[in-house]
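Visitor: Make a model of this:
(2 chains, ligands or ions: 2)
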2 protein chains.
Amino acid sequence: NKRNTKLSSIQYGNRGMTLEEDLDITNKFYLQENIAVIHKKPTPIQIVSVDYPQRSAAVIKEAYFKIASTTDYNGVYRGKYIDFEAKETKNKTSFPLSNFHDHQIKHMRQVVKQNGICFVILMFTLLQEVYLLPAEKLFEYWDRKNNGGRKSITREEIMEHGYEIPIGYQPRIDYIKHVDEHFC
Amino acid sequence: NKRNTKLSSIQYGNRGMTLEEDLDITNKFYLQENIAVIHKKPTPIQIVSVDYPQRSAAVIKEAYFKIASTTDYNGVYRGKYIDFEAKETKNKTSFPLSNFHDHQIKHMRQVVKQNGICFVILMFTLLQEVYLLPAEKLFEYWDRKNNGGRKSITREEIMEHGYEIPIGYQPRIDYIKHVDEHFC
Ligand SMILES: [Mg+2]
Ligand SMILES: [Mg+2]
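Guide: Ligands and ions are numbered 1, 2, ... in the order given. Take a look at the predicted model:
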């Protein structure tokens, strides 16, 4: 099909790129073109011990990964606050909600309450499909799970309530286009 | 004077609090009261080696501090993007521009271009004075320095072009009040 042709022409399938790398490249493009200022937050680390050798840089000798208290990406688009999390699955028919954590959902609810633009970017890696799903929709599926419902979002639900983002060359994953169309 | 009485009554002077700790407490308050969602970004770390011991958490064994490519704080207030950096000085008469780095100024310029609300919070620790200075003003002093001018902002300039934030009890450093008055 068309997409596969396009993808193979940029050797997308073969390069083993991750969604995160694609988003980094996309955000860099947005920054260079003055389209938006979006950055990935650093991984939070609990530092336990640091060496300060003479004449060279400090070396962290013992540290641990901490659980992030927010989503991974945020920034500004035309004065508006944008906040999102990006997740991949190898599943083909549904997206497991176990990819998200309570504190991330809590953070997204706070952002929505504060009128920020908030969503998730979901990638079915084996299908090479990427969707933007508004946070409010994610909350519905999250609450359904907590009320004893299914532990995932079906691909059909994502197709119905989300917006597919075609994988392109430049920008790679043009999510801002959907922000314009559906949030502004 | 009045401020010192108030401060000593909450033992402010004695507890050795840093501006960063005060801002953390302030942001926590904003979050709990649904006033704003502002977080400090984690320190960026370059991880070189990680141990994965059986039955326990991964241990980072070698890592280095990286230079941040953005400011430390950002988030959302009534849908609007807020971005700032906070710095302290022990000087009493001027604020050294060496507290800022080129890449932070560059980031702030990008945010302003994107219509984000951007400022710095400057504390004269020995005077216990805190000011909010809009990024646009900081750029003027930065450019003055780069054009051969003085390497600091005088306290008088900050008093004239910034807004003093009284140090309070709850919220500790109520900067959102000034955002409301001067940016919205
Ligand atoms: Mg993440
Ligand atoms: Mg800093």
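
Visitor: Tell me who's in contact with A:Cys104.
Guide: One correction, residue A:104 is Gln, not Cys. A:Gln104 makes contact with A:68, A:70-71, A:85 under the criterion CB atoms under 8 Å, 6 or more residues apart in numbering or on different chains. The C-beta positions use only the backbone N, C-alpha and C, and glycine is treated the same way.

Visitor: ok, the residue nearest to A:Lys61 when sequence neighbours are not counted - contacts?
Guide: Leaving aside its sequence neighbours, A:Lys61 sits nearest to A:Ser49 (CB to CB, 6 or more residues apart in numbering or on different chains; 4.6 Å). With contact taken as CB under 8 Å, 6+ apart, A:Ser49 is in contact with A:60-63.

Visitor: re the thing from before, need the contacts of A:Gln104 in JSON lines (columns: pLDDT and distance to B:Arg109).
Guide: What follows is the contacts of A:Gln104, written out as JSON lines (pLDDT from 0 to 100; distance: CB to CB, whole Å):
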{"residue": "A:Ala68", "pLDDT": "88", "distance to B:Arg109": "28"}
{"residue": "A:Thr70", "pLDDT": "95", "distance to B:Arg109": "24"}
{"residue": "A:Thr71", "pLDDT": "96", "distance to B:Arg109": "25"}
{"residue": "A:Glu85", "pLDDT": "97", "distance to B:Arg109": "28"}
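
Visitor: Check those residues one by one and keep those near chain B.
Guide: Among the contacts of A:Gln104, proximity to chain B is found for A:68, A:70 (CB under 8 Å from any CB of the partner chain).

Visitor: Show me which of the contacts of A:Gln104 is closest to chain B.
Guide: Nearest to chain B among these: A:Thr70, at 5.5 Å, using CB to the nearest CB.

Visitor: Quick check: the gap between that closest one and A:Lys92.
Guide: 30 Å (CB to CB, to the nearest Å).

Visitor: Helix, strand, or coil at the residue sitting furthest away from the middle of chain A?
Guide: What lies farthest from the middle of chain A is A:Gln54; by CA atoms, centre = their mean that is 40.5 Å. At A:Gln54 the chain is in coil, as set by DSSP: H, G, I helix; E, B strand; the rest coil.

Visitor: for A:Glu85, same thing?
Guide: Strictly by three-state DSSP, A:Glu85 counts as strand.

Visitor: I'd assumed A:Tyr73 was in contact with it.
Guide: Yes: look at A:Glu85 against A:Tyr73 with CB atoms under 8 Å: they come within range, at 7.1 Å.

Visitor: Go ahead and flag the most central residue of chain A.
Guide: Most central in chain A (CA atoms, centre = their mean) works out to A:Ala86, at 1.7 Å.

Visitor: got the phi/psi numbers for the residue nearest to that one when sequence neighbours are not counted?
Guide: Of all residues not flanking A:Ala86 in the chain, A:Ile121 sits nearest, at 4.3 Å (CB to CB, 6+ apart). Per-residue torsions, A:Ile121: phi -110, psi 120 (degrees, to the nearest 10).

Visitor: And for the one 4 residues further on?
Guide: For A:Thr125, the backbone dihedrals are phi -60, psi -40 (criterion: degrees, to the nearest 10).

Visitor: What number of residues are in the vicinity of it?
Guide: Neighbour count for A:Thr125, taken as other CB atoms under 10 Å in any protein chain shown: 15.

Visitor: what residues are up against it?
Guide: A:19, A:88-90.

Visitor: go on, A:Arg55?
Guide: For A:Arg55, the contact set (CB under 8 Å, 6+ apart) is empty.

Visitor: does the residue nearest to A:Ala86 have beta-bridge partners, and which?
Guide: A:Ala86, A:Leu132 (DSSP bridges).

Visitor: Look up phi and psi at the residue farthest from the centre of chain A.
Guide: Backbone torsions of A:Gln54, given as degrees, to the nearest 10, read phi -60, psi 140.

Visitor: confidence score at it?
Guide: Note on A:Gln54: pLDDT of 87.

Visitor: on that earlier part again, so which of the contacts of A:Ser49 is the closest to B:Leu126?
Guide: A:Ile60 (31.5 Å; CB to CB).

Visitor: From B:Glu157, how far off is A:Lys66?
Guide: 39 Å.

Visitor: Looking at those two, which one has more neighbours?
Guide: B:Glu157 (17 against 12).

Visitor: residues contacting that one?
Guide: B:Tyr141.

Visitor: after the one helix or strand it maps to, next one along is what?
Guide: Using DSSP states H and E, B:Glu157 sits in helix B:155-161. Sequence order places strand B:163-164 as the next helix or strand after helix B:155-161, per DSSP H and E.

Visitor: Starting from that next one, tell me the next helix or strand along the chain.
Guide: Assigned by DSSP H and E, the successor of strand B:163-164 is helix B:175-182.

Visitor: Which other helices and strands does that following helix contact?
Guide: strand B:117-124, strand B:129-134, strand B:163-164 (3 or more CB pairs under 8 Å, 6 or more residues apart in numbering or on different chains; DSSP states H and E).

Visitor: can you tell me which residues contact the residue nearest to A:Ala86?
Guide: By CB under 8 Å, 6+ apart, the neighbours of A:Ile121 are A:19, A:23, A:84-87, A:130-133, A:165, A:173, A:175.

Visitor: Output the longest helix belonging to chain A.
Guide: Determined from DSSP state H, the single longest helix within chain A is helix A:19-32.

Visitor: Many thanks, have a good one.
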